[in-house]
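> quick one, structure for this:
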Amino acid sequence: MTLPTFLVIGASRSGTTSLHHYLGQHPEVHMSPVKSPNFFVAGDPQPPWEGAASRAMARQWLTERRDYEALFATAGARRAIGEVSPVYLQSLRAPARIHGACPDARLIAILREPADRAWAHYLGRRRDGLESRPDFRAVVEEELTRTLPEDVAFGSYLGVSRYHHFLAGYFERFPRSRLRVYLFDDLVADPAGLLRDLFAFLEVDAEIAIDTARRHNQTGIVRSPILRFLWTRTVRLRIALRPFLPAAVRDAGRLGMGRRLRRPELDPELRARIAHALAPDVERLEHLIGRDLTAWRHAS
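Take a look at the predicted model:
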């Protein structure tokens, strides 16, 4: 039986897909052939605000341990064995489950400025047909009229950006030496430097050259109205076919969409509104990870 020696736990829309591909280039690293198996949160209930397409996608999350272990069965003698599931940073129950199964695992998080992350999350779900609401401002105001989710934040744009809330449980259960937290800005500014540090953390050759030219799974609005209509309206079909299509075919479809995206800027006033709402969580996060996040608390 083989279980991962490391997990990338989030956050969504913070470069985790790129990390999955970059890590997979290292000859001493075995990556799960499936990104986001979501095994350690598959038992969590889907919140009432999630739509039918998102619920259908969640039904494909791995629930059986034997299926999860099969992802790592061909790891052979590789020194590091891992998987990437950003939703592990959206559930308060995930840290205990991961610790119970993989108490010696190393955990990696990469965090993006909360408003930018929420905006990219919204654009990605709109692109893929998982979000029908056309006005992000209205979505934000709606989320702020209710208490942000405590136990699971699936599909909550502001809830998923509460990093301290969901990260603290990992720091309670795992020694700090087993946790590494990066910022999305680190990946953008110096991907090679981040990867050298990450490989050293995983105790594999840190000097292996990795091709980081491509940024994977970028979000935005599909420029062509026809393509946008076809891509969003076929979401249920794409979800149904996903288990039967090779990853290369799925990636080719996303790459094709990625070349035809328009990436609008987030309204500065709305960015400031989100930053103000999430500032208490960001302040606690600063103390937890030892990084100066002043710009996040005063984003505009």
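> every contact and neighbour count from this point should use C-alpha atoms.
Fine.
> elements contacting the longest helix belonging to the chain?
Longest helix in the chain, counting residues (DSSP state H): helix 268-289. For helix 268-289, the elements it packs on are helix 114-127, helix 163-173, helix 294-297, judged by 3 or more CA pairs under 8 Å, 6 or more residues apart in numbering; DSSP states H and E.
> the first one: how far from the chain's middle?
Put plainly, it is helix 114-127. From the chain centre to the centre of helix 114-127 is a distance of 11 Å (CA atoms, centre = their mean, to the nearest Å).
> can you list the neighbours in contact with the helix or strand that it is followed by?
Counting by DSSP states H and E, the next helix or strand C-terminal to helix 114-127 is helix 136-144. By CA atoms under 8 Å, 6 or more residues apart in numbering, the surrounding residues in contact with helix 136-144 are 119, 122, 133, 156-158, 270, 274.
> for the stretch 151-300 of the chain, which segments count as helices?
For the stretch 151-300 of the chain, the helices defined by DSSP state H, counting those that start in this stretch cover 157-160, 163-173, 184-189, 191-201, 225-233, 235-241, 247-258, 268-289, 294-297.
> who's the residue nearest to Val84 when sequence neighbours are not counted bridged to?
Counting by CA to CA, 6 or more residues apart in numbering, the nearest residue to Val84 once its immediate chain neighbours are dropped is Val8, at 4.6 Å. Beta-bridge pairing of Val8, defined through DSSP bridges, involves Val84, Ile108.
> re the thing from before, pull the residues that contact the longest helix of the chain.
Outside helix 268-289, the residues that touch it by CA under 8 Å, 6+ apart are 114-116, 137, 140, 158, 161-165, 168, 181, 292-293, 296-300.
> may I see the PyMOL selection of the buried members of the residues you listed?
To isolate the buried members of those in PyMOL, using 16 or more other CA atoms under 10 Å:
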select buried, resi 114+115+116+137+140+158+161+162+163+164+165+168+181+296+297+299+300
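> how about low-confidence regions in the stretch 151-300 of the chain?
216-262, 300 (pLDDT under 70).
> at 80 instead, please
214-262, 299-300 (pLDDT under 80).
> ok, of the contacts of helix 136-144, which come out buried?
Going by neighbour count (16+ other CA under 10 Å), the contacts of helix 136-144 have 119, 122, 156-158, 270, 274 buried.
> rewinding a little: Arg55: which of the contacts of helix 136-144 is nearest?
Ser156 (13.9 Å; CA to CA).
> torsion angles phi and psi at that closest one?
Dihedral pair for Ser156: phi -100, psi 110, per degrees, to the nearest 10.
> can you tell me how far it is from Gly51?
According to CA to CA, to the nearest Å, Ser156 and Gly51 sit 12 Å apart.
> likewise Phe166?
Here Phe166 is placed at a distance of 23 Å from Gly51 (CA to CA).
> who has more neighbours, the two?
Between Phe166 and Gly51, Phe166 has the larger neighbour count (other CA atoms under 10 Å), namely 24 against 14.
> distance to Met1 for the helices and strands packed on helix 268-289 - can I get that in TSV?
Formatted as TSV, these follow (distance: least, CA to CA, whole Å):
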stretch	distance to Met1
helix 114-127	35
helix 163-173	23
helix 294-297	42
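> out of these, the one nearest Ala73 is which?
Between the helices and strands packed on helix 268-289, helix 163-173 lies closest to Ala73; by CA to CA that is 26.1 Å.
> now that closest one against helix 114-127, angle please.
100 degrees (axes from the mean of the first three to the mean of the last three CA atoms, to 10 degrees).
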